[in-house]
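Participant: predicted model and sequence below, questions to follow.
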Amino acid sequence: MPMVVETNVRERFQQLRNEWRTQSRYLSNTAQMAMLWPHQRIIGLGSIAVPLILAELRLETDHWFWALEAITGENPVPAEAAGNVRVAADAWLRWGRDKGLVAADG
């Protein structure tokens, strides 16, 4: 039974991710991106979404930082890196490795 729940969450996440990417495609303001309904629903999934978001971040640098901070209550991105998406992604992936949420080789 747990695998069914995990699969359903993964599928729901992927559906919301796709909707979010479609709706945010032409936005440049990260606050506007974060306020989109699919993004808010991803945040609503809670901590179970964090490994899924980190896996997305490993594949493609995108603006997942708002969701990660909202869910975890943490922000590993150094203040001087604000606005640098690549540095922010690397910081979150390091955080995920430290928490055991991302494979050490990833």
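Facilitator: Yep, that arrived.
Participant: list the buried ones in the longest helix along the chain?
Facilitator: For the chain, the longest helix by residue count, based on DSSP state H, is helix 2-24. Across helix 2-24, burial judged by 16 or more other CB atoms under 10 Å covers Arg12, Phe13, Leu16, Arg17, Glu19, Trp20, Arg21, Ser24. For glycine as for every other residue, the C-beta is placed from the backbone atoms N, C-alpha and C.
Participant: correct me, but the second one touches Ala49?
Facilitator: Yes. In terms of CB atoms under 8 Å, Phe13 counts as a neighbour of Ala49; the distance is 5.9 Å.
Participant: ok, which stretches of the protein are helices?
Facilitator: Under DSSP H, the chain gives helices at 2-24, 30-35, 37-44, 50-59, 65-72, 85-98.
Participant: so Arg10 sits right up against Leu52, yeah?
Facilitator: Yes. Counting by CB under 8 Å, Arg10 does reach Leu52; the two are 6.5 Å apart.
Participant: re the thing from before, overlap in contacts of Phe13 and Ala49?
Facilitator: Jointly contacting Phe13 and Ala49 under the rule CB atoms under 8 Å, 6 or more residues apart in numbering are Ile42.
Participant: for the longest helix of the chain, give the mean pLDDT please.
Facilitator: For helix 2-24, mean pLDDT is 83.
Participant: how about stretch 31-48?
Facilitator: Mean per-residue pLDDT for stretch 31-48: 95.
Participant: list the contacts of it.
Facilitator: Contacts to stretch 31-48, defined as CB under 8 Å, 6+ apart, come from residues 9, 12-13, 16-17, 19-20, 23-24, 27, 49, 53, 63, 66-67, 70-72.
Participant: also stretch 68-83?
Facilitator: With contacts defined as CB under 8 Å, 6+ apart, stretch 68-83 is touched by 43, 46-47, 49-50, 53-54, 65, 87-88, 91-92, 94-95.
Participant: CA atoms only: put that stretch into PDB for me.
Facilitator: In PDB, the C-alpha atoms belonging to stretch 68-83 read as follows (Å, rounded to 0.1, in the frame of the first residue of the first chain):
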ATOM      1  CA  LEU A  68      11.700  24.500  -0.700                       C
ATOM      2  CA  GLU A  69      12.000  27.300   1.800                       C
ATOM      3  CA  ALA A  70       8.300  27.300   2.500                       C
ATOM      4  CA  ILE A  71       8.200  23.600   3.100                       C
ATOM      5  CA  THR A  72      11.400  23.200   5.100                       C
ATOM      6  CA  GLY A  73      11.600  26.500   6.900                       C
ATOM      7  CA  GLU A  74      15.300  26.600   5.900                       C
ATOM      8  CA  ASN A  75      17.300  28.600   3.400                       C
ATOM      9  CA  PRO A  76      20.900  27.300   2.700                       C
ATOM     10  CA  VAL A  77      21.500  29.900   0.000                       C
ATOM     11  CA  PRO A  78      24.100  32.500   1.100                       C
ATOM     12  CA  ALA A  79      22.900  36.000   1.000                       C
ATOM     13  CA  GLU A  80      25.500  37.100  -1.500                       C
ATOM     14  CA  ALA A  81      24.100  34.500  -3.900                       C
ATOM     15  CA  ALA A  82      20.600  36.000  -4.000                       C
ATOM     16  CA  GLY A  83      19.400  36.100  -7.600                       C
END
